[in-house]
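Novice: Quick one, what's the 3D model for this:
(2 chains)
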Amino acid sequence: MIIKRIVFILLMLFMHYSFSQNKQILFGFNDIPQSTLINPSTTLDNDWFMGFPLLSQFHFNLGSSNVSAYDLFADDGKDFNSKLRSLIFQLDSNDFFTSTQQLEVFTGGFSFGRGVEKDRYLTFGMYIETDVIAYHPKDYAILAYEGNASNIGKVFDLSDLNASGEMVSVFHVGMTKKLNSKFTIGGRAKIYNSIINVNSTKNRGSFVTREGQNNLLEHSFDLDLRVNTSGIASLAGDNSNDVSEDIKTLRRRLLLGGNLGLGLDFGITYQPKDQWTVEASLQDFGFIRHTKDIETYGVKGNYVFEGINPLFPEVAGGQTAEDYWNEVADNFEDIFELDTTVTKYTTWRPLKFNAAVRYAFGKKTSKECNCLADDVGYLNSVGAQLYAINRPRAPQLALTTYYYRRIFEGLRVKATYTIDPFSYYNVGLGISTQLGALHMYLMADNLLDYQNLAKAQSASLQFGLNLVFGRGGKQ
Amino acid sequence: MDINWLAMQRRTYFPLFILVIISLATSCVKDVDFDQAEDVVLTPVITSSALFTEVEASRFSENGMELETVRDSIANIEIFTDQFVIDNLVKVELVFEVSNSINRTFGLQIEFLNEADELQNEFSFDALPSPSGNDVLTEFTAVFEDESLEALKTSQKMVITLSLYPSTDGTFLNENSTGKIGLKSKGLFYFNISL
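Specialist: Numbers count the residues shown, from 1 in each chain, chains lettered A, B, ... in the order given. Next up, the predicted model:
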C-alpha cells in the first residue's frame, strides 16, 4: 500500500506541475504565528512564541490541473492504454502537475517597542522548501505514443517540455510595525540557499515530418533545448551509488552551503474601521544565483533530412550512398550531441501575491452583566481572499471566501471555499487550538475529496506545534 | 468567563472537531488500481525518409556500351542491431515508389547482410517501362515481420542493385536517350514498447 502511494506521488510528479503554494487557510489566521510568513504585516495575537524544532510547520501539497489519479487509475475495467491516450490528448500543454513541501526547522518571535500593546513584532526562522512543477509535455507524449507516421504535417512543439524542481533552505527575519491605528506594515528579508535546482523552462524548437519534394518525406529538426542544474553534478559525479553519502552531502549544504540568493516579502494591513480590514502581501520577491556545482545540458541546431541521395555513383553523381550515409550520421550526431557546459545562471523565486478583505462581527456578551465581554475582540469574521503565483508559463490564480470563528479561547477554526485551477469545490478547514502555552494547528483543503483522495486534483495538508505566550495566548 | 457557556460550546463543537480528525485519518485512495501502470504499452509508428535518387536515361550509356547493372551499398547501419530496436521493433515496412519515363524495365534488388557479409534477407521488384515517355509509377512495399524481421535485426549492411533489363526490340540506351528513372522511399517502423 505504501509503495502504491509512493508510485502515485511519483507519477503525479513525473507527469506535471501545480498550484501548490496557496495557503488560503493560514493567510490571515493570526492565532497561528506562521501566518506572518504569508503576510509580514499580520499582527500576531501573542507576546512571544517559539516553534518546536522541526515540528512547527509541515506543509505538503500535491496538485494537477484537469486530471486526477482516479481519471487514469480507476479500477473500472476500461483499457488502461485507451485511458492514457485520451488523457494525453485531452490535457493541453498549459496543464500541470505540482508538488510543494515545506518543513520549518526552527522559528520564533517576540513583540517589542512602545506602548502596552508593543508596536513591533520580530519573527525569524529557517525552513526547507521543495518545489516541483512540470507542465504536460503534450507534443512529446503524442510523439512517444503515436510516432510521426500518423502525424505528417504536424509541427511538434518542443517548448512543451517545461519543468523545474528545487530544494532550498530559507533563513529569514521579519518585522511587523504598527504605524497608527489604521496602518500596519511588515517586511521580511530572506537568504535562500539552493541545495538542488533543475530547470528546463526555456525550450524552443520544433520537429515536423512533411510530404517531401525530392523524396516521399522530409524531416525538419529545429532544436534549442536546455536543462540547467545546480547541486546535481557533484552527486552524480562522485561515482558512488551510496545514497547515504549523497544524503550527507545534502545535509552539509543545508546551512548556506549551496547556491545563495536574496529575497524580500512585503505586507500592508489597512484597518479603516474597527470591523473592516484590507491586507495585501508579496512573497518571495527574490532570486538565486547559481554559481557552484552547476552543469547545463543543451541541444541546439537545425537540420533537414530528406533521405540518402545520391545512389549509384557511376550514373548519378560521384558520391556513394555510404559516403552520404556517413555524412547524415555525422549531421545527426552534431545536432543531437548533448553539450555539457558550466554556465552560471539565475533563477527567480515564484513570486506570490495575497490580498484579502475581512469583516469581523459578533462580540461575545457576558451573561453576568449583560454587557460586552472585555477585550476579546470579535468572535467571527468573513472575507474574500485572492492568491496569485507567478509560474513558468503563466500566473495562476485562486479565489477564496472564508468564515472564521473563535469557538472558545482555546479553539479557533477557519473554513474556506476556494476556486482554483484544480476545482470549483475546494472546501478547506483549519483548526488552531491552545492548551496553556502549547499551540497546535492543523489545516487541510479539498476535504470533500478526502473520502477518496484519488479523485482529488489537489490536496494539501499543514500542521505544526508552537509554544505561545502572552495576550491572546494567556487567556 | 461563563463555565456553562464554555461547556456548551465544547459540547457543540467537539463532535465536529472529532469528525474532521476522523475524516482526515480515514481518508483513503479507493477504487483505483495502480498496477495498471504496468500494462502501459506504447505503440508509436516512426516513419523516416530513406533512399532517393534520379538518373537520366543517357547516363546508362558509357563509351557506347549500355550499363547492365549499377550497385551501391551502405555499411555501418547500426539502427537494426540497437538493443532497444531489437527489443521493441515489431514490424517494418519499406515503401518504394519508382517513376520511370524510360521505355525499359528496371529491376531493383535490396540485400541485407550481417557483419560477416552473409546474406540475411533480400527482396526485389521490377519497375515497369514507359512506352509513351510519360512517367509510369511502380509502387512496392516490403514487409518485415517475424522471421524476416529477425533477419533484419541481424543486418548491418545494405546492398542496392539497379538492373537494366534487355530491351524487347534490341535497341540500346545511348547518350541521346531521353527519359529518367526516379526512386523515392521511406521506412515505417512499428514499435511495441512495454514500460
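
Novice: Next, work out how far apart the residue in chain B positioned nearest to chain A and B:I193 are.
Specialist: Here chain B gets closest to chain A at one residue, B:P44, 3.2 Å apart by C-beta to the nearest C-beta. Just so you know, the C-beta spots here come from the backbone N, C-alpha and C atoms, and that holds for glycine as well. In this view, B:P44 and B:I193 are 8 Å apart by C-beta to C-beta, to the nearest Å.

Novice: who has more neighbours, those two?
Specialist: Between B:P44 and B:I193, counted using other C-beta atoms under 10 Å in any protein chain shown, the more crowded position is B:P44 (20 against 16).

Novice: correct me, but that one touches A:A141?
Specialist: No: between B:P44 and A:A141 there is no contact under C-beta atoms under 8 Å: 10.6 Å.

Novice: mind listing what A:T100 touches?
Specialist: Counting by C-beta atoms under 8 Å, 6 or more residues apart in numbering or on different chains, A:T100 makes contact with A:18, A:20-21, A:59-61, A:129-132.

Novice: switch to 10 Å and redo it
Specialist: Contact analysis of A:T100 by C-beta atoms under 10 Å, 6 or more residues apart in numbering or on different chains lists A:18-23, A:59-63, A:129-133, A:350, A:460.

Novice: can you tell me how far it sits from A:S194?
Specialist: As judged by C-beta to C-beta, A:T100 and A:S194 stand 15 Å apart.

Novice: same thing with A:H219?
Specialist: 39 Å.

Novice: These two: which has the busier surroundings?
Specialist: For A:H219 versus A:S194, neighbours defined as other C-beta under 10 Å are more numerous around A:S194 (24 against 19).

Novice: Would you confirm that the more buried one contacts A:S164?
Specialist: No: look at A:S194 against A:S164 with C-beta atoms under 10 Å: they stay out of range, at 11.7 Å.

Novice: got any residues that touch both of those two?
Specialist: Joint contacts of A:S194 and A:S164 (C-beta under 10 Å, 6+ apart) are A:T347.

Novice: rewinding a little: with adjacent residues omitted, what lies nearest to the residue of chain B closest to chain A?
Specialist: A:G147 (3.2 Å; C-beta to C-beta, 6 or more residues apart in numbering or on different chains).

Novice: okay, and the helix or strand of chain A with the least pLDDT?
Specialist: Within chain A, no helix or strand scores below helix A:2-15, which has a mean of 45 by mean pLDDT, DSSP states H and E.

Novice: which is the next helix or strand following it?
Specialist: Next along the chain after helix A:2-15, taking DSSP states H and E as the criterion, comes strand A:48-51.

Novice: same for that next one, what does it pack against?
Specialist: Here strand A:48-51 is seen to pack against strand A:96-112, strand A:120-135, strand A:458-469 when contacts are counted using 3 or more C-beta pairs under 10 Å, 6 or more residues apart in numbering or on different chains; DSSP states H and E.

Novice: The helix or strand following that strand pairs with which strands, and in what direction?
Specialist: For strand A:48-51, the following helix or strand on the C-terminal side (DSSP H and E) is strand A:58-64. Looking at strand A:58-64 with DSSP bridges, its partner strands are strand A:96-112 (antiparallel), strand A:458-469 (antiparallel).

Novice: Could you export those as JSON lines, including distance to B:S177 and mean pLDDT?
Specialist: Below are the strands paired with strand A:58-64 laid out as JSON lines (distance: least, C-beta to C-beta, whole Å; pLDDT from 0 to 100):
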{"stretch": "strand A:96-112", "distance to B:S177": "64", "mean pLDDT": "90"}
{"stretch": "strand A:458-469", "distance to B:S177": "74", "mean pLDDT": "87"}
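
Novice: can you tell which of those strands is closest to A:R393?
Specialist: Smallest distance to A:R393 across the strands paired with strand A:58-64 (C-beta to C-beta): 7.8 Å, for strand A:96-112.

Novice: Does stretch B:78-87 reach chain A?
Specialist: Yes: with C-beta under 10 Å from any C-beta of the partner chain as the measure, stretch B:78-87 is seen reaching chain A through B:E78.

Novice: Quick one: residues in contact with that stretch.
Specialist: Outside stretch B:78-87, the residues within contact range by C-beta under 10 Å, 6+ apart are A:329, B:48, B:88-89, B:92, B:112, B:114-115, B:120, B:144, B:149-156, B:158, B:187, B:189, B:191-194.

Novice: Sitting in strands, which of those do you find?
Specialist: Among the contacts of stretch B:78-87, the members falling in strands (DSSP state E) are B:48, B:89, B:92, B:112, B:120, B:144, B:158, B:187, B:189, B:191, B:193-194.

Novice: ok, and the most crowded of these?
Specialist: Counting by other C-beta under 10 Å, top hit in those: B:F144 with 24 neighbours.

Novice: who are the neighbours in contact with that residue?
Specialist: So B:F144 contacts B:80, B:89-94, B:112, B:121, B:123, B:150-153, B:187, B:189-190 (C-beta under 10 Å, 6+ apart).

Novice: do A:G186 as well
Specialist: Taking C-beta under 10 Å, 6+ apart, we find A:G186 in contact with A:36, A:39-43, A:120-121, A:123, A:174-178, A:265-269, A:279, A:281.

Novice: Low-confidence regions, chain B specifically.
Specialist: In the predicted model of chain B, residues B:1-30 satisfy pLDDT under 70.

Novice: What is the neighbour count of B:F84?
Specialist: By other C-beta under 10 Å, neighbour count at B:F84 equals 10.

Novice: so it is in which element?
Specialist: B:F84 is part of helix B:83-88, with elements assigned from DSSP H and E.

Novice: Please state the offset of that helix from the chain centre?
Specialist: Centroid displacement of helix B:83-88 relative to its chain, using C-alpha atoms, centre = their mean, to the nearest Å, is 13 Å.

Novice: What are the buried residues along that helix?
Specialist: B:85, B:88 (16 or more other C-beta atoms under 10 Å in any protein chain shown).

Novice: for A:A444, which residues make a bridge with it?
Specialist: Residues in a beta bridge with A:A444, per DSSP bridges, are A:L429, A:L461.

Novice: gap between A:A321 and chain B?
Specialist: 4 Å (C-beta to the nearest C-beta, to the nearest Å).

Novice: again with A:A360
Specialist: To chain B, A:A360 is 19 Å away according to C-beta to the nearest C-beta.

Novice: does that residue really touch A:T277, like I thought?
Specialist: Yes: A:A360 is within contact range of A:T277, at 7.3 Å (criterion: C-beta under 10 Å).

Novice: Find the residues that touch each one of these two.
Specialist: Common neighbours of A:A360 and A:T277 (C-beta under 10 Å, 6+ apart) are A:271, A:381, A:383.

Novice: Now name the helix or strand holding the second one.
Specialist: Of the helices and strands defined by DSSP H and E, A:S381 is found in strand A:378-389.

Novice: Tell me the first helix or strand C-terminal of that strand.
Specialist: strand A:396-408.

Novice: got a list of what A:F221 touches?
Specialist: Neighbouring residues of A:F221 by C-beta under 10 Å, 6+ apart: A:158, A:205-208, A:299, A:301-305, A:331-332, A:335-336.

Novice: tell me which of those is nearest to chain B?
Specialist: Closest approach to chain B among the contacts of A:F221 (C-beta to the nearest C-beta): A:F305, at 6.2 Å.
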